[in-house]
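Asks: Let's see this in three dimensions:
(one chain, ligands or ions: 1)
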Amino acid sequence: MEGIWETQKGAAAVLFAVPDRASQSNLYEVSIPRLASFYLTHDWNGEIKGIKEFGDKHPPVGPVFWAFRTMVGVGMLMLAVSWFASYEMKFKKGLSRTTAKILVAMTFAGWVALVSGWYVTEIGRQPWLVQGVLTTAQAASKVPAGNIALSLAMYLTLYAALLSAYVSVVFYLAKKAVAGSDAPQLKAGVLSHA
Ligand code: HEM
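Replies: Numbering: from 1, shown residues only. So this is what the prediction gives:
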């Protein structure tokens with residue numbers, strides 16, 4: 001997650017970099033001095049073990065590094081957008097069209113952050129499922145791959161059906177609510193009062 005290759009005291013927090021597997025170092029690194037030692041050991045000069053210390057027995061650095069930054073970045077973006085939207089609604093005339101469009105564009109932001117976070121732990125924790133207790137090899141299932149593919153396909157089909165049912169119910173209810181009120185109605189893409 002941190003992209004720290006060398007064991008060091010007073011390690012910098014890497015904000016941005018391109019971790020390079022071949023040279024075992026970061027390219028284009030932008031970092032804040034000593035901050036990583038502080039938040040990982042609660043001591044500005046605390047020692048952090050570098051990735052190199054583990055020889056070739058470490059997870060792939062790039063995917064974990066990027067997934068972590070995607071998760072945190074999207075999380076920050078969600079905070080910024082929601083705070084800005086609240087500010088507009090409270091102190092301005094209301095939600096602007098641009099902000100409304102950004103909110104719609106961010107519909108799946110939570111999902112992106114969640115899947116990224118999951119990548120961080122699932123790729124980064126290997127080969128342990130529970131550190132020091134259970135290795136992935138010990139816990140790997142003996143169920144044939146074909147069975148797993150079949151149950152995955154069944155889950156996907158079921159969830160696709162549930163999702164489309166959910167979306168059509170939401171649309172049905174929204175149309176019904178608008179029809180019985182004087183709320184603005186959407187006619188040929190234009191907002192107008194009935
Ligand atoms: C905004 C700043 C965020 C920080 C600093 C942060 C930090 C972390 C860290 C350190 C981990 C690894 C934990 C571990 O090793 O056990 C993690 C995992 C995870 N994060 Fe984030 N996160 C942030 C935002 C988010 C957001 C916005 C979401 C989803 C909406 C999210 C979803 C997850 C998930 C699903 C995991 C995996 C949990 C697991 O498999 O045990 N995170 N996060």
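Asks: Where does the residue of the chain found nearest the ligand sit: helix, strand or coil?
Replies: Using Cβ to the nearest ligand atom, the single residue of the chain nearest to the ligand is G117, 2.2 Å away. Heads up, the C-betas are built off the backbone N, CA and C, glycines and all. Here G117 is helix, with the state taken from DSSP: H, G, I helix; E, B strand; the rest coil.
Asks: List the contacts of it.
Replies: By Cβ atoms under 8 Å, 6 or more residues apart in numbering, the contact list for G117 reads A67, M71.
Asks: Now do it against K176, distance only.
Replies: 37 Å (Cβ to Cβ, to the nearest Å).
Asks: Which phi and psi values does Y166 adopt?
Replies: When read as degrees, to the nearest 10, the backbone of Y166 gives phi -60, psi -50.
Asks: Could you tell me how many residues sit around it?
Replies: Close neighbours of Y166, defined as other Cβ atoms under 10 Å, add up to 10.
Asks: for the one 3 residues further on, same thing?
Replies: Residues lying near V169 (other Cβ under 10 Å) number 10.
Asks: element containing it, please.
Replies: helix 145-179 (DSSP states H and E).
Asks: What's the mean pLDDT across that helix?
Replies: Across helix 145-179, pLDDT averages out at 94.
Asks: swap in stretch 116-134?
Replies: For stretch 116-134, the mean pLDDT works out to 87.
Asks: Could you do stretch 41-59 as well?
Replies: 93.
Asks: Check the offset of it from the chain's centre.
Replies: 24 Å (Cα atoms, centre = their mean, to the nearest Å).
Asks: Then stretch 53-73?
Replies: 14 Å.
Asks: cool, stretch 156-169 as well?
Replies: Distance of stretch 156-169 from the chain centroid (Cα atoms, centre = their mean) equals 23 Å.
Asks: got the residues of this protein near the ligand?
Replies: Within the chain, the positions adjacent to the ligand are M71, V72, G75, M76, G110, A113, L114, G117, W118, V120, T121 by Cβ under 6 Å from any ligand atom.
Asks: Which ones among these lie within helices?
Replies: Judged by DSSP state H, the subset of the residues of the chain next to the ligand located in helices is M71, V72, G75, M76, G110, A113, L114, G117, W118, V120, T121.
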